[in-house]
Structures are given as structure tokens and as C-alpha cells.
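Novice: when you get a sec, could you give me coordinates for this:
(chains A and B)
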There are 2 protein chains.
Amino acid sequence: MGTETAPPRRGRRRATDADARSAIVRAAASEFASAGYDGISLRAVARRAAVDPALVHHYFADKADLFAATIAVPIRPDRIVADILRGPREEIGTSIVRALVTRFEEPRTRDAVLTVVRTAMGHEFAGRMLRQFLVREVLQRITTELGQDDGERRAAFAASQIVGLVIARYGIRIGPLADASDDDVIATVGPVVQWYLTGTPPTDPTAS
Amino acid sequence: MGTETAPPRRGRRRATDADARSAIVRAAASEFASAGYDGISLRAVARRAAVDPALVHHYFADKADLFAATIAVPIRPDRIVADILRGPREEIGTSIVRALVTRFEEPRTRDAVLTVVRTAMGHEFAGRMLRQFLVREVLQRITTELGQDDGERRAAFAASQIVGLVIARYGIRIGPLADASDDDVIATVGPVVQWYLTGTPPTDPTAS
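Specialist: Presented below is the predicted three-dimensional model:
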């Protein structure tokens, strides 16, 4: 991608390099989340970050590089798994859904995950990212810990509900699901994830 | 969007107008499915359809118009709902998932639905399309027929699992779910949809 303007002189930059870089990453996160991987230009990111486009090229080789920086949210799958496994085994599904909706209260995390999910629909690199993180690093580690023989299969079905929840509640925002409280979502979807992972049937959500 | 070439003369067109139009729609379906709404150009569609770009502009006002034609798959929600309701009430979830995976064997339907889901993540018009079709025209009609008070809420949660299944199995293709047989998917996910819609708990999938 060509750079049409010369790099800005020192004085035109923001206070520090770190500030400028993080302003670009924040702007990119919003742009990727709203316009999608294919819909954004590095120029639009620069505009939103209020920096010279050349600065974007200074920090990031290309769009894929910027994407990787953008979705590098401070989520540690090993810690999520450790937290979940510390709770009772019969509440693993609930703990997983709670870990998700709680982290989604942070807009940067929410934008990053939505961007990965959306991009994963058309770009294998993002699909791989999602499969590795959600399925392998989180769900399969849990099924392994639970000693499940068919853990890979169980993790895949649980992932379908988790990805669907992310999209329906935060992405396409289906009314009652977008408006539901975190507690309601945890209490309703948690038992389904539990059922996929352990085979323990949920109880009627209307009975509670 | 400007048209750079003059409309082709009659002799350069395909055999009939209907042929050309449907070649464009088929090409657009593949392009939308692989590159996404933001990633395609009408020029690329023309190239894939082997027609003059001007012909695309002749039939379709803009990308949104072409999109609407592309996703106009021959799915009749009223017939789907009638079919599902003809079966036993305790197998409604299974019937819904069966209706989905059976129709997804048809590549054009699969591409169209994947395109709507993907586009819905970033474009409100496609989000509305998905909510109207899946939630209102299919799931809420069923919960109304079942006499559920909280049908709208139940339909929303069921939709999250259905959208997640579509994405995980056909979109990002999570290994064991992408490789599973239709029967396996119907037997495993159907009871979850049933549970969301009616509150009847599933039985252990490994017990069958």
C-alpha cells in the first residue's frame, strides 16, 4: 500500500510514540468492529485517530498487522480456564458464560471479539484464531480437565452456542437477548453449555 | 457508482436476459459468500459471471439491490413453520434443526444464509433481515402456536443457538461440528432448541 504523504515531523506527532500507536489501535478497533475487515482503509483509521496516515504505516506493515494488534486484547485463556475450573464442576457452563459476559462489559474486548468473529466468516486466518482461542485454548482444556473422551466434539458444540450468543446478543442484537441482564443470560445459556460439555441436562428456565 | 463502458449491444449478451441476470445473481452469491458485502465489487461479479460490467448495472441499481436479489432464496418461512408444527410438539427443536441442515445441503441456500449472517454483523439492513426471518417469521410463529407467554424471549435464545450452529458448522467450520453428520447435529442441537422453546430438558447426548 503506497504512502502518499511524507512521515510527519516530530512536532506534529502526539505527545509520545506510545500514545500515537495506542490511538491508532483504538481507532482501528472501532473501525474494524463497525466496517469489518474488508470495509476499512488505513486512511480511515488515521482519520479517526487524528494522526497522519504515514504514521499508521510507520507502526504497522499492513492491514493484517494492524488487525493482529487490534485484537490483542488482554485476555489470558489459561487464567480463564483456571478460574472456571476452580468452581464446582456442575457449574462449569455457567462459569464459562459468566466469564464471557463479564469480559464483554469492556468495550475494547467486545469490539475485538466481534471483529474476530465477523472476520472469521470470510478469512481463514481469523477463523483459525477463533478456533484456536475459543475451542482449543479454552473449551478443550476444560473437557480435558474433566476427563472427557469426546472432549473435542463436546467443545465444538459448546462453541457453537457461545459464538451464537456473542453474535445474537452483541452483534446482530436480537431484542430480548440484547436487552436481557447478564444474570439472565448466564442462568439461561450456562446450563446449555454445561449440557454440551458434561451431559448434565438443564432444568426449565421458566421454573426458576 | 459510475458505469465506465457503454451497455453491450444485443449480440454480445448471453442467450436471454433471464440467463444473464441469473448468471449475475449466482456469481454475486459466491462473491458475497467468500468476500463479504464490503469486500466485493460489481466489477468482480461481472468478471465471475462472464458478462460486461454494464450489464450488472443494467439489472441492478447498486450493491444493496444486487444483495437483495442474491439472498432471495426460495425459502418460504410459512411453509417451514407449517411443516414443523405438523410433527409432534416434543420434537419441535429437532424439526427446526432438521429443516435447517437439510436446506443447507443446497449450496445456494447455504451461501445466501451465510452471507446474510455475515453481513448482519456490520450492516443493520441485513441484521433486520435476519431478525425478521429467523426470529419473527419462524421462531416466534412457533412459540405463538405453542401458546408461550414469553415466546419472544424463548425465540431469541433459540435463535442464538441456531445462528451459532450455522456459523460454527458452515461458516468458520469448527472441526468436529463441520465433520459431523446431519443426523448427529440434529440429535445433539435439536434438544437444545427444544429446551429453549418449551423448557423440556434434553437427555445426555452420550447416552444415546
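Novice: can you tell me which residues contact the residue in chain A positioned nearest to chain B?
Specialist: Nearest to chain B in chain A, going by CB to the nearest CB, is residue A:164, at a distance of 2.0 Å. The way it works is simple: take the backbone N, C-alpha and C, and place the C-beta from them, glycine included. Counting by CB atoms under 8 Å, 6 or more residues apart in numbering or on different chains, residue A:164 touches B:159, B:160, B:161, B:162, B:163, B:164, B:165, B:167, B:168.
Novice: go again with 10 Å.
Specialist: A:171, A:177, A:189, B:157-168 (CB atoms under 10 Å, 6 or more residues apart in numbering or on different chains).
Novice: same check on residue A:173?
Specialist: Counted by CB under 10 Å, 6+ apart, residue A:173 has contacts A:167, A:179, B:120, B:124, B:127, B:131.
Novice: so the last one makes contact with residue B:156?
Specialist: Yes. Taking contacts as CB atoms under 10 Å, residue B:131 lies within contact range of residue B:156: 9.1 Å.
Novice: these two: which has the busier surroundings?
Specialist: A count of neighbours by other CB atoms under 10 Å in any protein chain shown puts residue B:156 above the other of residue B:131 and residue B:156, at 26 against 19.
Novice: quick check: which element contains the more buried one?
Specialist: helix B:151-165 (DSSP states H and E).
Novice: now the spatially most central residue of chain A, nearest residue through space, not along the chain?
Specialist: The centroid of chain A falls nearest to residue A:113 when counting by CA atoms, centre = their mean (1.7 Å). Nearest residue to residue A:113 in three dimensions, chain neighbours excluded: residue A:166, at 6.4 Å (CB to CB, 6 or more residues apart in numbering or on different chains).
Novice: so the one you found sits right up against residue A:104, yeah?
Specialist: Yes. Using CB under 10 Å, residue A:166 is in contact with residue A:104, at 7.8 Å.
Novice: what's the overlap in contacts for these two?
Specialist: With CB under 10 Å, 6+ apart, residue A:166 and residue A:104 have common neighbours A:110, A:113, A:114.
Novice: next step: these restricted to helices.
Specialist: Counted as lying in helices by DSSP state H, out of these, are A:110, A:113, A:114.
Novice: residue A:183 against residue A:98, yeah?
Specialist: Yes. If you go by CB under 10 Å, residue A:183 and residue A:98 touch, sitting 9.0 Å apart.
Novice: more neighbours: which of these two?
Specialist: Between residue A:183 and residue A:98, residue A:98 has the larger neighbour count (other CB under 10 Å), namely 20 against 10.
Novice: which residue, other than its chain neighbours, is closest to the more buried one?
Specialist: residue A:186 is the one closest to residue A:98 (CB to CB, 6+ apart), at 4.9 Å.
Novice: got a list of what the one you found touches?
Specialist: A:93, A:94, A:95, A:96, A:97, A:98, A:99, A:100, A:101, A:102, A:180, A:193.
Novice: which among those residues end up buried?
Specialist: A:93, A:94, A:95, A:96, A:97, A:98, A:99, A:100, A:101, A:180, A:193 (16 or more other CB atoms under 10 Å in any protein chain shown).
Novice: taking these, tell me the two that lie furthest apart.
Specialist: For the buried ones among the contacts of residue A:186, the farthest-apart pair by CB to CB is A:95 and A:180; their separation is 18.3 Å.
Novice: if we can go back for a sec, so which of the buried ones among the contacts of residue A:186 sit within helices?
Specialist: A:93, A:94, A:95, A:96, A:97, A:98, A:99, A:100, A:101, A:193.
Novice: quick check: the second one vs residue B:93, distance?
Specialist: Put plainly, it is residue A:94. 21 Å (CB to CB, to the nearest Å).
Novice: tell me the gap between the lengthiest helix in chain A and the middle of its chain.
Specialist: The longest helix of chain A (DSSP H) is helix A:17-35. How far helix A:17-35 lies from its chain's middle: 16 Å, per CA atoms, centre = their mean, to the nearest Å.
Novice: packing partners of it?
Specialist: When contacts are defined as 3 or more CB pairs under 10 Å, 6 or more residues apart in numbering or on different chains; DSSP states H and E, helix A:17-35 packs onto helix A:42-49, helix A:53-59, helix A:63-70, helix A:107-120.
Novice: for the third one, buried residues please.
Specialist: When you say that, I think you mean helix A:63-70. Buried residues in helix A:63-70 (16+ other CB under 10 Å): A:63, A:66, A:67, A:69, A:70.
Novice: ok, it near chain B or not?
Specialist: No. Applying CB under 10 Å from any CB of the partner chain, one finds helix A:63-70 separated from chain B by no less than 11.9 Å.
Novice: work out the gap between that helix and the centre of the chain.
Specialist: 14 Å.
Novice: ok, the shortest one next?
Specialist: With CA atoms, centre = their mean as the basis, helix A:53-59 stands 25 Å off its chain's centre.
Novice: the last one too?
Specialist: Taking the mean C-alpha point of helix A:107-120 and that of its whole chain, the gap between them comes to 4 Å (CA atoms, centre = their mean).
Novice: I'd like the next helix or strand past it.
Specialist: helix A:124-130.
Novice: other SSEs contacting that following helix?
Specialist: Counting by 3+ CB pairs under 10 Å, 6+ apart, helix A:124-130 packs on helix A:63-70, helix A:107-120.
Novice: pLDDT on the helix or strand following it, on average?
Specialist: Going down the chain from helix A:124-130, the next helix or strand is helix A:141-145, by DSSP H and E. If you average the pLDDT over helix A:141-145, you get 95.
Novice: can you work out which other helices and strands pack against helix A:141-145?
Specialist: Counting by 3+ CB pairs under 10 Å, 6+ apart, helix A:141-145 packs on helix A:77-86, helix A:92-103, helix A:151-165, helix A:182-198.
Novice: thanks a lot, see you next time.
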